[in-house]
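Q: Can you look at this prediction? I've put the sequence above it.
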Amino acid sequence: MKKLFIISFILISLTLTLAQEDGDVGWVARFGAAGGVNPAFVFPNLDPINSQIKKIGIDQLSNSGMFVLGGSGYIYIMLVENLRVGGMGIGGTKSTSGLVGGLNKEVKYNYGFGGVTVEYTLPFVKNIAVSFGAILGAGSSSIEIYQNAGSFTWEDTWRKVNNGIVLTNQVSDKISNTFFTIAPTVNIDIPLSRFIAFRIGGGYVAAISGDWKINNGQSIANIPSDLSINSFFIQTGIYFGLIAF
């Protein structure tokens, strides 16, 4: 991860240097509006979840990153030169499952966030847009745990509630947390034409969250201290609109 951000920093630095060396560089206001699709990767800490998954005998969740998908858009507000505002939202699920001792077991990890985007585009870089900003918004993270065996019927499902029946081979729990975030970002938008642009960028989700809850909002104790929602993310995107910078 550190290597990736070092490479990104070098790329941005080279871009700025080349732009400054161009004799035609001028301080001009950007304008335009666009929206598109954002494939992205987030890197949450899954170690506390994997330590429990290992105990139940199925494959652990990969720590190499989690694919998420979403969309975003922006518009330059001409009242403040080179400032653009918009919105963004991404989310996804990573899961693992297996058959252990005749029981179907599955664990899912869900992660997503979104909000208002505010970015300042460097005015002295020509032909591409290099922008620094933040996402102001909220998100959620959850862990779903399932275990079952055999078939299901409508009547049996309700009977477990009506009669207080506890079946140890039937598990369906969801542990979740919601959070607010101020996520700093850096993005590079490269125009492919007047109406299409490609984006590469990233940021860091700094989460402000409350207590984890289980199922229908019940409190849950002994949550691991390293079960953190904070995460780096890398995003790409294809944007359509008025690409003029």
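A: Structure's in. What do you need?
Q: Give me the buried positions along stretch 30-48.
A: Neighbour counts using 16 or more other CB atoms under 10 Å place 30, 32, 34, 35, 36, 38, 40, 41, 42, 43, 44, 46 of stretch 30-48 among the buried residues. Bear in mind the C-beta positions are built from the backbone N, C-alpha and C, glycine included.
Q: right, and the last one touches residue 109 too?
A: Going back to what we said before, that points to residue 46. Yes. Checked against CB atoms under 8 Å, the pair residue 46 and residue 109 is within contact range at 6.6 Å.
Q: Overlap in contacts, these two.
A: Counting by CB atoms under 8 Å, 6 or more residues apart in numbering, the shared contacts of residue 46 and residue 109 are 61, 94.
Q: ok, of the buried residues of stretch 30-48, which one's closest to residue 222?
A: Lowest distance from residue 222 to these (CB to CB) belongs to residue 46, with 18.0 Å.
Q: Now stretch 186-204: average pLDDT?
A: In this model, stretch 186-204 carries a mean pLDDT of 95.
Q: any idea how far that stretch is from the chain center?
A: Here the centre of stretch 186-204 is set off from its chain's centre by 17 Å, with CA atoms, centre = their mean, to the nearest Å.
Q: Could you dump the buried residues of stretch 30-48 into CSV and include pLDDT?
A: Compiled in CSV, the buried residues of stretch 30-48 are given as follows (pLDDT from 0 to 100):
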residue, pLDDT
30, 71
32, 86
34, 94
35, 96
36, 96
38, 97
40, 97
41, 96
42, 96
43, 95
44, 93
46, 94
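Q: could you dump those residues to CSV with distance to residue 88 and secondary structure?
A: Putting the buried residues of stretch 30-48 into CSV (distance: CB to CB, whole Å; DSSP: H, G, I helix; E, B strand; the rest coil) gives the following:
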residue, distance to residue 88, secondary structure
30, 18, coil
32, 17, strand
34, 12, strand
35, 10, strand
36, 10, strand
38, 7, strand
40, 10, strand
41, 15, strand
42, 13, strand
43, 18, coil
44, 18, coil
46, 23, coil
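Q: Alright, calling it a day.
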